[in-house]
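Undergrad: fold the following for me, if possible:
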Amino acid sequence: MPSDEFAPPKYAQIVQAIRRRIADGTYPPGSLLPSETQLVREFGVSRPTVVRALQVLQLRGIIDREHGKGSFVRATPPVTDEENTRPGGAVLDRVEAEENGTLVEVGPKKAPANVAALLSLPEGSSVLMRRVLFRDADRPFDLVTFWCPTDVVEGTDLAGQALLNTGVRRHLQAVKGLRLEHVVERLTARHPSTSEAKLLELTKSAPVLGVLASVFNGSGRTVLVVDLVLPGELHELEDAYAL
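TA: Numbering: from 1, shown residues only. Here you go, the predicted model:
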């Protein structure tokens, strides 16, 4: 048996356990999964860890979650591009207040050159930066930075000091009527910066996966840039697609 040092993070262990139960028929298609409270008690973890596991299962198209009703096993659907798991897109639906998020910094900043270029703004333009650190029960799990033009963020809660109670995509649609249509991601394997290493509790030589995602609205404008940093030892990316 592997030691705890090399065991998957607790949320991933819950994902694996539920997938095994679905595969062996313990949870058949259409069945209701145990409640979050029951899963917290069974696995001996915090509620944010259970919520993260259920969101991973939802993003992979394995379950459906209905507010006030619970989580249900889906029948296996045909694989489509919309159902593929993409880290940059998944961040847009995460709820900071429910996933043990900590607001590290928020406010106007001069956009770095690469961010300004992605937003089609002059270098040094002022944009909103919102940086959130997420943890599981044991340690920092990932670091997310949102870069948003001032006209897009105006009137929203993205510049506020409180954690968001809904995902960024849903919030922008509800408050601004802004529909986010597609995402272009750039993935880089690298070492963390000094500030990233400190926040994520990593050594400077630890591997991380950097995801830089440009988020477009229906007219083709980049309205948001997401910079996601994932510690390599805690994450693996899974995708599925038709040939």
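Undergrad: got a list of what Ser35 touches?
TA: Residues in contact with Ser35 (C-beta atoms under 8 Å, 6 or more residues apart in numbering) are Gly70. For glycine as for every other residue, the C-beta is placed from the backbone atoms N, C-alpha and C.
Undergrad: could I get the full set of helices for this structure?
TA: Counting by DSSP state H, the segments of the chain that form helices are 10-23, 36-43, 47-59, 87-91, 113-118, 150-153, 168-176, 194-200.
Undergrad: tell me how many other residues crowd the closest residue in space to Thr194 that isn't next to it in sequence.
TA: Once flanking residues are discounted, Thr194 sits nearest to Lys204: 7.0 Å by C-beta to C-beta, 6 or more residues apart in numbering. Neighbour count of Lys204, defined by other C-beta atoms under 10 Å: 11.
Undergrad: go ahead and flag the most central residue of this protein.
TA: Central residue of the chain (C-alpha atoms, centre = their mean): Val91, 3.0 Å from the mean position.
Undergrad: for that residue, report the pLDDT, please.
TA: Val91 carries a pLDDT score of 88 in this model.
Undergrad: go on, Asn100?
TA: pLDDT at Asn100 comes out at 86.
Undergrad: lowest-confidence helix or strand of this protein?
TA: Least confident helix or strand, the chain: helix 87-91 with a mean of 81, by mean pLDDT, DSSP states H and E.
Undergrad: may I have that helix as PDB, with CA atoms only?
TA: In PDB, the C-alpha atoms belonging to helix 87-91 read as follows (Å, rounded to 0.1, in the frame of the first residue of the first chain):
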ATOM      1  CA  PRO A  87      -8.900  23.500 -16.600                       C
ATOM      2  CA  GLY A  88      -9.300  27.100 -17.700                       C
ATOM      3  CA  GLY A  89     -13.000  26.700 -18.500                       C
ATOM      4  CA  ALA A  90     -13.600  24.700 -15.300                       C
ATOM      5  CA  VAL A  91     -12.300  27.600 -13.200                       C
END
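Undergrad: which residues does it contact?
TA: Residues contacting helix 87-91 (C-beta under 8 Å, 6+ apart): 55, 59, 144, 168, 183, 185, 211-213, 215, 226, 228, 230, 237.
Undergrad: let's see it at 6 Å
TA: Leu59, Val144, Val183, Glu185, Val211, Ala213, Val226, Leu228 (C-beta atoms under 6 Å, 6 or more residues apart in numbering).
Undergrad: in strands, which of those fall?
TA: Secondary structure defined by DSSP state E assigns Val144, Val183, Glu185, Val211, Ala213, Val226, Leu228 of the contacts of helix 87-91 to strands.
Undergrad: put the buried members of these into a ChimeraX selection.
TA: In ChimeraX, this line selects whichever of the ones in strands among the contacts of helix 87-91 come out buried by 16 or more other C-beta atoms under 10 Å:
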select :144,183,211,213,226,228
